[in-house]
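> quick one, fold the following:
(chains A, B, C and D)
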There are 2 protein chains.
Amino acid sequence: MADIAQQLGISRQLVSIVMRDAPGASAETRRRVRETADELGFAPHTGARTLRRTRSWTFGVVFVPSHPAEHEIVQSLYPLAAAHGYDVVLSAVTGTRGVQPAVDELLGHRCAAVLLIGSALDPAELEDLSGRVQIPLVAVGTAAGGTGHDVVRSDGRAGVAAGVEHLVSLGHREIAFVDLATMPAAALRRAGYEQTMQRHELGTDVVLASGHYTDDAYFEESGSEAAHTLLARDEPPTAVMVPNDGSAVTLLLTLARHGLQVPRDISLVGYDDIPAARLSAVELTTVRQDPELMARAAVDAAVRRIDHPESDPLESIVDTSLVLRGSCAALRTDG
Amino acid sequence: MADIAQQLGISRQLVSIVMRDAPGASAETRRRVRETADELGFAPHTGARTLRRTRSWTFGVVFVPSHPAEHEIVQSLYPLAAAHGYDVVLSAVTGTRGVQPAVDELLGHRCAAVLLIGSALDPAELEDLSGRVQIPLVAVGTAAGGTGHDVVRSDGRAGVAAGVEHLVSLGHREIAFVDLATMPAAALRRAGYEQTMQRHELGTDVVLASGHYTDDAYFEESGSEAAHTLLARDEPPTAVMVPNDGSAVTLLLTLARHGLQVPRDISLVGYDDIPAARLSAVELTTVRQDPELMARAAVDAAVRRIDHPESDPLESIVDTSLVLRGSCAALRTDG
DNA sequence: TTGTAAGCGTTATCAT
DNA sequence: ATGATAACGCTTACAA
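Residues are numbered from 1 along each chain as shown, chains lettered A, B, ... in the order given. Purely as a prediction, here's the structure:
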């Protein structure tokens, strides 16, 4: 910055004013400063900036690179944060790098808030973390609950209910549900299935699948597992509600490789609306969790807690919508 | 840090020594400092640290969240960088955020080097970027070429050749190749196909597919496109070399949904060995680009250029290996 | 092993 | 509209 100031014969402070778009510099000065900054390949020193600034203008974002549903939220975060004047700094959770180191890195950057995307932490761990971290914490796409941190999630119960209702309205009565027990939001989604089935006086048919959330596979292997369970039966159900698109896609693939056509032989509803669900080879009818809305709710929550530290953490429930694609068909009546 | 020093009645510098694992503090002092740091929830201020340090100990990493092949490289980067004493800071390229802003963010963090993972930039753009950026630039998984920056890539020509050789050894003679023209490494991989086919005096059969690298779909839609081209033929080939796993998986899925079995009806070889290739529902035989090796080569290149700024940028070519899974079968002889 | 002093690049405050 | 000065939290070099 001093270089630019010297080259233009002005003070460093004036350059600073221009670089941070603060009032107090003429249009002509701004133009010239920007010009020489480009020439010199100058970028303001983020570290020095956060060091000196009275308050932090950075969101720390923890995410799991292998989870497709999180990418779109992360993508949406950048412009939304910028709209409030915040930068985003990313920290990845991987097989060899847990949530703790990821959060510590962000703390070192003196973030104003930490956003945990699709956290693998259960409510108790989250509660513990939000106690130790002294800045606002927003958990996105996690299970309900938590008094020390904000939560942004979709209404898994209502979302699944809508999916099941759709299948019922198509005439299906034998509707199975794949329970991904280790998924944070599993219980709520299962409740949505069970309630809807009971309301229609239909018997429930829960297919348990294993799989772990932080593994690379994002429950994709669970889809195969569930498919094999169904294929082993004499009379498979006519429809399946899968509370996770990753599993749904693999389920679809496994069925297809065993000669079962979707939706001709089995109708399928997923949850999330990940990019793969939109592929022409998949065309999955699914309960959409709008990533833009999730990101917006997360940013709003963070901003609120930063601006009003005394306010209580909130739980934002984002609406889901059923996206109708090609994976569901009306029940075939025999003959 | 001053808080810890005061609480323990020691100097700030001593705390600093402990926090950065520098020599000059007793074991007992270290223990007590660490303890109170945990109590107070203290994390060293990264900004202040980079500001004061003589040299930068940070790698900036540009990646595209939606590309599965990049995740594993990013994951490997953390421990490898740490082994050399470097931290990693991530910067995402998304639909609304190009390479330029991503790199600028990293420059603001005063990284010692920038690693571009699977860059969408062509050699000319890379050259331009490495001219403007005044720190070492390492392009991973890009096309060959470039004098101003290091390149880490697999030998696409040899990799594809190995895949095609495998198909030939299984008796296949009608082997198609899907050309993902907009993929940076496309030309080299196509050359490997053409050379191998010519060596065996077999006719080439190139199926063109569109798709764009920075799109979310990672060439997955291209797989469907290619599948439909093949399905429309009277006599589809008996084997297909697909130079990208994302496309290969979708190709497989599309074929399965149209009643063509892999490997019974068509054998398939992919490229990359993304996690999805390993799913039991996929079992794709593929040319593996070892992400750990790629990451290692990238880190080595960065360290070398940082420690020896005068040395010329190098091109590291990482070996590929053919991973045999279930997507290839010997050619069925009629009758 | 511990303490002292200086300074990294920026922004906030005050003065012109 | 512009400039001078101090301070942010840390590391480095050197002294004790």
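> give me the residue from chain A nearest chain B.
Here the residue of chain A nearest chain B is residue A:47; by C-beta to the nearest C-beta that distance is 3.2 Å. Heads up, the C-betas are built off the backbone N, CA and C, glycines and all.
> name the element that residue belongs to?
With the criterion set as DSSP states H and E, the secondary-structure element containing residue A:47 is helix A:46-52.
> contacts for the helix or strand following that helix?
Per DSSP H and E, the first helix or strand lying C-terminal to helix A:46-52 is strand A:58-63. The contact list for strand A:58-63, computed with C-beta atoms under 8 Å, 6 or more residues apart in numbering or on different chains, reads A:50, A:70, A:73-74, A:77, A:81, A:86-93, A:99, A:102-103, A:105-107, A:109-119, A:299, A:302.
> cutoff 7 Å now
For strand A:58-63, contacts defined as C-beta atoms under 7 Å, 6 or more residues apart in numbering or on different chains pick out A:50, A:70, A:74, A:77, A:81, A:86-93, A:99, A:102-103, A:106, A:109, A:111-117, A:302.
> buried set for that strand?
Taking 16 or more other C-beta atoms under 10 Å in any protein chain shown as the neighbour-count basis, strand A:58-63 is seen to contain the buried residues A:58-63.
> can you lay out the residues you listed as a markdown table showing distance to residue B:205 and pLDDT?
Written out in a markdown table, the entries for the buried residues of strand A:58-63 read as follows (distance: C-beta to C-beta, whole Å; pLDDT from 0 to 100):
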| residue | distance to residue B:205 | pLDDT |
| --- | --- | --- |
| A:58 | 53 | 97 |
| A:59 | 50 | 98 |
| A:60 | 51 | 98 |
| A:61 | 46 | 97 |
| A:62 | 47 | 96 |
| A:63 | 41 | 95 |
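> give me the most central residue, chain A.
Compute the mean C-alpha point of chain A, and by C-alpha atoms, centre = their mean the closest residue is residue A:70, 3.9 Å away.
> now for the helix or strand encompassing it, which elements pack on it?
Secondary structure assignment for residue A:70, by DSSP H and E: helix A:68-83. For helix A:68-83, the contact count by 3 or more C-beta pairs under 7 Å, 6 or more residues apart in numbering or on different chains; DSSP states H and E identifies strand A:58-63, strand A:87-92, strand A:113-117, helix A:291-307 as packing neighbours.
> could you dump these to TSV with distance to residue A:195?
Converted to TSV, these look like this (distance: least, C-beta to C-beta, whole Å):
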stretch	distance to residue A:195
strand A:58-63	32
strand A:87-92	37
strand A:113-117	28
helix A:291-307	24
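> buried ones in the helix holding residue A:47?
Residues of helix A:46-52 classed as buried: A:46-51 (neighbour count, 16+ other C-beta under 10 Å).
> list the contacts of the nearest residue to residue A:191 once chain neighbours are set aside.
Nearest non-adjacent residue to residue A:191, counting by C-beta to C-beta, 6 or more residues apart in numbering or on different chains: residue A:157, 5.3 Å away. In this structure, residue A:157 makes contact with A:188-189, A:191-192, judged by C-beta under 7 Å, 6+ apart.
> next: residue A:232.
Residues near residue A:232 by C-beta under 7 Å, 6+ apart: none.
> that one and residue A:75, how far apart?
Distance of residue A:232 to residue A:75, computed by C-beta to C-beta, to the nearest Å: 40 Å.
> tell me where chain A has helices.
With helices called from DSSP state H, chain A shows them at A:2-8, A:12-19, A:27-40, A:46-52, A:68-83, A:99-108, A:123-132, A:156-169, A:186-199, A:220-231, A:245-257, A:291-307.
> buried subset of the contacts of residue A:157?
Neighbour-count burial (16+ other C-beta under 10 Å) is assigned, among the contacts of residue A:157, to A:188-189, A:192.
> of those residues, which is the nearest to residue B:36?
Residue B:36 lies nearest to residue A:188 out of the buried ones among the contacts of residue A:157, by C-beta to C-beta, at 40.7 Å.
> identify the spatial nearest neighbour of the closest one, chain neighbours not counted.
Among residues not flanking residue A:188 along the chain, residue A:156 sits closest, at 3.9 Å (C-beta to C-beta, 6+ apart).
> kindly report the same for residue A:61.
Nearest non-adjacent residue to residue A:61, counting by C-beta to C-beta, 6+ apart: residue A:115, 4.9 Å away.
> what sits against the one you found?
Residue A:115 sits next to A:59-61, A:138, A:140, A:298, A:302 when contact means C-beta under 7 Å, 6+ apart.
> out of those, who's near DNA strand D?
The subset of these lying close to DNA strand D, counting by C-beta under 7 Å from any atom of the strand, is empty.
> out of those residues, what pair is the most spread apart?
A:60 and A:140 (12.8 Å).
> how about the residues of chain A by DNA strand C?
Applying C-beta under 7 Å from any atom of the strand, one finds that chain A approaches DNA strand C through A:1-2, A:12-13, A:16, A:19-20, A:22, A:42, A:44-45, A:48-49, A:51-54.
> residues in contact with residue A:111?
Residue A:111 makes contact with A:56, A:58-60, A:89, A:135, according to C-beta under 7 Å, 6+ apart.
> kindly indicate which of the residues you listed lies nearest residue B:248.
Relative to residue B:248, and with distances defined as C-beta to C-beta, the nearest of the contacts of residue A:111 is residue A:89, at 34.7 Å.
> was I right about the closest one contacting residue A:107?
No. Residue A:89 is not in contact with residue A:107 according to C-beta atoms under 7 Å; the separation is 11.0 Å.
> one step back: give me the buried subset of the residues of chain A next to DNA strand C.
For these, burial is judged from neighbour counts taken by 16+ other C-beta under 10 Å, and it is met by A:1, A:16, A:19, A:42, A:44-45, A:48-49, A:51.
> those residues: which two are farthest apart?
Using C-beta to C-beta, the two most remote members of these are A:42 and A:51, lying 18.1 Å apart.
> right, and residue A:276 touches residue A:286 too?
No. Applying C-beta under 7 Å, one finds residue A:276 not in contact with residue A:286, separated by 10.3 Å.
> any common contacting residues for the two?
residue A:245.
> more crowded one of these two?
When residue A:276 and residue A:286 are compared on other C-beta atoms under 10 Å in any protein chain shown, the one with more neighbours turns out to be residue A:286, at 30 against 27.
> so how far is DNA strand D from residue A:151?
Counting by C-beta to the nearest atom of the strand, to the nearest Å, the gap from residue A:151 to DNA strand D is 30 Å.
> make sure that residue is actually in contact with residue A:318.
No. With contact defined as C-beta under 7 Å, residue A:151 does not count as touching residue A:318 (10.7 Å).
> who has more neighbours out of those two?
More neighbours sit around residue A:151 than around the other of residue A:151 and residue A:318, counting by other C-beta under 10 Å; the figures are 27 against 21.
> residues in contact with the more buried one?
For residue A:151, the contact set (C-beta under 7 Å, 6+ apart) comprises A:139, A:142, A:144, A:315.
> who wins for neighbours among the residues you listed?
residue A:139 (30 neighbours).
> burial count for the spatially closest residue to residue A:107 that is not a sequence neighbour?
For residue A:107, ignoring the flanking residues on the chain, the nearest one in space by C-beta to C-beta, 6+ apart is residue B:43 at 4.1 Å. Per other C-beta under 10 Å, the neighbour tally for residue B:43 reads 17.
> measure residue B:43 to DNA strand C for me?
When C-beta to the nearest atom of the strand is applied, the distance between residue B:43 and DNA strand C equals 18 Å.
> so for residue A:250, what pLDDT did the model give?
At residue A:250 the predicted local confidence, pLDDT, stands at 97.
> residue A:116 too?
In this prediction residue A:116 is given a pLDDT of 95.
> can you give me the neighbour number for it?
The criterion is other C-beta under 10 Å. On that basis, residue A:116 has 30 neighbouring residues.
> ditto for the one 5 residues further on
By the other C-beta under 10 Å criterion, the neighbourhood of residue A:121 contains 23 residues.
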